[in-house]
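Chemist: Show me how the following folds:
(chains A and B)
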Amino acid sequence: MIRTIYILWLRQIKRYLRSRSRLVGSLGQPLLFLVALGYGFGPVFQKAGQGNYLEFLAPGVIAMSILFTAIFSGIEIIWDKQFGFLKETLVAPVSRFNIMIGRTLGGATVATLQGIIVFFISIAAGFRPANLTLLPVALLIMMLTALLFTAMGTAIASLLEDMQGFQMVMNFLVMPIFFLSGALFPLEGLPGAIDIVASLNPLTYGVDGLRGALTGQIHIGFFNDFAVLFAVTALFMVIGSYLFSKIEI
Amino acid sequence: MSQPKNQENYAIQVQGLTKKFGSFTAVDNISFSVKRGETFAFLGPNGAGKTTTIKMLTTLLRPTSGTMLVNGYDPINDQDAVRRSFGIVFQDPSLDDELTVYENMEFHGVLYKVPDKILKQRIEELLNFVELLDRKNDLVKHFSGGMKRRLEIARGLLHTPKVLFLDEPTIGLDPQTRNHIWKYLKDLNSTEDITVLFTTHYMDEAERVADSVAIIDHGRIITGGSPAELKKTTNTNSLEEAFLSLTGKKIREEEAGSIDQMRMNRRMWSR
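Modeler: From the prediction side, this is the model:
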């Protein structure tokens, strides 16, 4: 069982390390966000009395790259579903649950690595973590966030028949999750409706915890952030495994 | 078609197998059996139900009704025993393009719990058999269709299955490669006493290779027997003529589902 999970995990890692164009391409976006938004909105943010915007933004951009990478590695199952590899694994004498776990852990590892790389990019852009002793906490939050959204991607991919639906998922789910999470702006004093959406959005807690660990500014609090992240991750792991076990090809 | 009597002598037995998708009946109450060591061809026009039948035999789909035995095990209730019993080459390539030849084989070996001690040796033997040993550290994405097929055949044999399913193994390949692939399969049939069930649209292949064939159309088995018997009963000179006289000459319209569209996209995307 462990070997099955391990080989599926290893496959995800190898694929990630080998697709250099994907690796480089996926770093362009966070860099653009940091430079264009970080430097662009910096002066306005400062005048509004909110301090250094780059410092505020960097945890949000790290969370963004984790979100996108994680969802995408879950969604990859659609591709594998009709062509290729998934069939090969589904006719093997191993349980679907182990397949799902191995894949999800692999995808989450990749997403976490991506987050770590973006962390270093933001340091190059001028970001400085406030408290180095909290870095392990930041890493833990990154891992949980990665796991949560890989499992969510797996669940979605199990339901979709083809890649046509992917655009819809991006526009109506992933983008709102990102924009309404407090990654780009502070959550204080928002209109009621947005406030409610943000508080229902699991990424809000990932961003908040990450920002707390990296900069010391925290809005919700570590305890609640961890509680929500753990609970929602567990929920999506269960839903993802269930839906994955129902795939027929 | 002979009815199954003694399951020891049969690699595959199917009785009253039916699969419905909503109101559409893809496979309609079919029964057939394949003797151990036999090479069995499943022939039929597009959309006849061949792939659906293979999916049910290989535990990927649950039948609506009917019973099956693969290597003496039931694909519905005894999935893992069935899965260990067969190897399969799918209609669409099912290799991981980002992995090397060896890694694809190793992945399969781990999933099928081939013991570490013999895994490496077995992989090398099989790669040698399909003439890919010198390419074992190359990424699969640079391979031609024929090389991928050969690798898939080697992979399907890695866990020493009793039954090998091949769903259109030679589709889109040039005659040289097709010849090669059938040579491997014939060799295998004689050396490892493996049962082969394959589907194809190339009637000349089926005529040359198969010990017996079943012709399926609209989800029903129309007839079965050895190629010689079919030619005799239809009074034709080749299996192709026999096939056409049994299934008619009308071209089948198969609706292009999302899978076909993805297949096209994939062709456009890959170089």
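Chemist: contacts for the helix or strand where residue B:33 lies?
Modeler: For residue B:33, the host element (DSSP states H and E) is strand B:24-35. Identification of contacts with strand B:24-35 by Cβ atoms under 8 Å, 6 or more residues apart in numbering or on different chains yields B:1-4, B:9-20, B:40, B:49, B:52-53, B:56, B:63, B:66, B:195, B:197, B:212, B:214, B:216, B:218-221, B:224. No exception for glycine: its C-beta is placed from N, CA and C like everyone else's.
Chemist: Sheet partners, orientation included, of it?
Modeler: Its sheet considered, strand B:24-35 pairs with strand B:10-21 (antiparallel) by DSSP bridges.
Chemist: Parallel or antiparallel, list what pairs with the helix or strand that the strand holding residue B:33 is followed by.
Modeler: With elements assigned by DSSP H and E, the helix or strand that comes after strand B:24-35 is strand B:39-43. According to DSSP bridges, strand B:39-43 forms sheet pairs with strand B:195-199 (parallel), strand B:212-217 (parallel).
Chemist: Mean pLDDT and mean neighbour count added to those, as CSV?
Modeler: Formatted as CSV, the strands paired with strand B:39-43 follow (pLDDT from 0 to 100; neighbours: other Cβ atoms under 10 Å in any protein chain shown):
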stretch, mean pLDDT, mean neighbour count
strand B:195-199, 94, 25
strand B:212-217, 92, 24
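Chemist: Go through these and name the closest to residue A:145.
Modeler: Closest to residue A:145 of these is strand B:195-199 (Cβ to Cβ; 46.0 Å).
Chemist: and whichever helix or strand comes after that closest one, what other elements does it pack with?
Modeler: Sequence-wise, the next helix or strand downstream of strand B:195-199 (DSSP H and E) is helix B:203-209. Under the contact criterion of 3 or more Cβ pairs under 8 Å, 6 or more residues apart in numbering or on different chains; DSSP states H and E, helix B:203-209 touches strand B:39-43, helix B:175-191, helix B:239-247.
Chemist: show me the contacts for residue B:156.
Modeler: B:87, B:88, B:89, B:164.
Chemist: Up against chain B, what does chain A have?
Modeler: Residues of chain A that fall close to chain B, judged by Cβ under 8 Å from any Cβ of the partner chain: A:3-4, A:7, A:11, A:14-15, A:18-19, A:82-85, A:87-94, A:161-164, A:248-249.
Chemist: neighbours around residue A:36, how many?
Modeler: For residue A:36, the neighbour count with other Cβ atoms under 10 Å in any protein chain shown is 10.
Chemist: got a pLDDT number for the most centrally placed residue in chain A?
Modeler: Nearest residue to the geometric centre of chain A (Cα atoms, centre = their mean): residue A:67, 2.3 Å. In this model, residue A:67 is scored at 96, pLDDT.
Chemist: about what we covered before: redo the helices and strands packed on helix B:203-209 as TSV? Include distance to residue A:176 and mean neighbour count.
Modeler: Shown next, in TSV, are the helices and strands packed on helix B:203-209 (distance: least, Cβ to Cβ, whole Å; neighbours: other Cβ atoms under 10 Å in any protein chain shown):
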stretch	distance to residue A:176	mean neighbour count
strand B:39-43	49	25
helix B:175-191	50	15
helix B:239-247	53	19
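Chemist: show me where chain A has strands.
Modeler: Secondary structure of chain A (DSSP state E): no strands located.
Chemist: where does it dip in pLDDT?
Modeler: A:82-83 (pLDDT under 70).
Chemist: I'd like the distance from residue B:20 to residue B:64, if you could.
Modeler: Here the criterion is Cβ to Cβ, to the nearest Å. By it, residue B:20 lies 5 Å from residue B:64.
Chemist: Now do the buried residues in stretch A:241-248.
Modeler: A:241, A:243, A:244, A:247 (16 or more other Cβ atoms under 10 Å in any protein chain shown).
Chemist: In this model residue A:143 seems to touch residue A:230, though I could be wrong.
Modeler: No. Applying Cβ atoms under 8 Å, one finds residue A:230 not in contact with residue A:143, separated by 11.4 Å.
Chemist: These two - which one has more neighbours?
Modeler: Comparing residue A:230 with residue A:143 by other Cβ under 10 Å, the one with more neighbours is residue A:143, at 18 against 14.
Chemist: Contact partners for residue 74?
Modeler: No chain in the question, so chain A it is. Counted by Cβ under 8 Å, 6+ apart, residue A:74 has contacts A:104, A:107, A:149, A:150, A:151, A:152, A:153, A:154, A:155, A:156, A:157, A:240.
Chemist: was after chain B, sorry
Modeler: So residue B:74 contacts B:67, B:68, B:82 (Cβ under 8 Å, 6+ apart).
Chemist: Give me the PyMOL select line for those, limited to the buried ones.
Modeler: Here is the PyMOL selection string for the buried members of those, based on 16+ other Cβ under 10 Å:
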select buried, chain B and resi 68+82
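Chemist: quick check, nearest of the contacts of residue B:74 to chain A?
Modeler: residue B:82 (8.5 Å; Cβ to the nearest Cβ).
Chemist: Now name the helix or strand holding that closest one.
Modeler: Assessed by DSSP H and E, residue B:82 sits inside helix B:79-85.
Chemist: Do I have it right that residue B:157 meets residue B:164?
Modeler: Yes. Applying Cβ under 8 Å, one finds residue B:157 in contact with residue B:164, separated by 7.0 Å.
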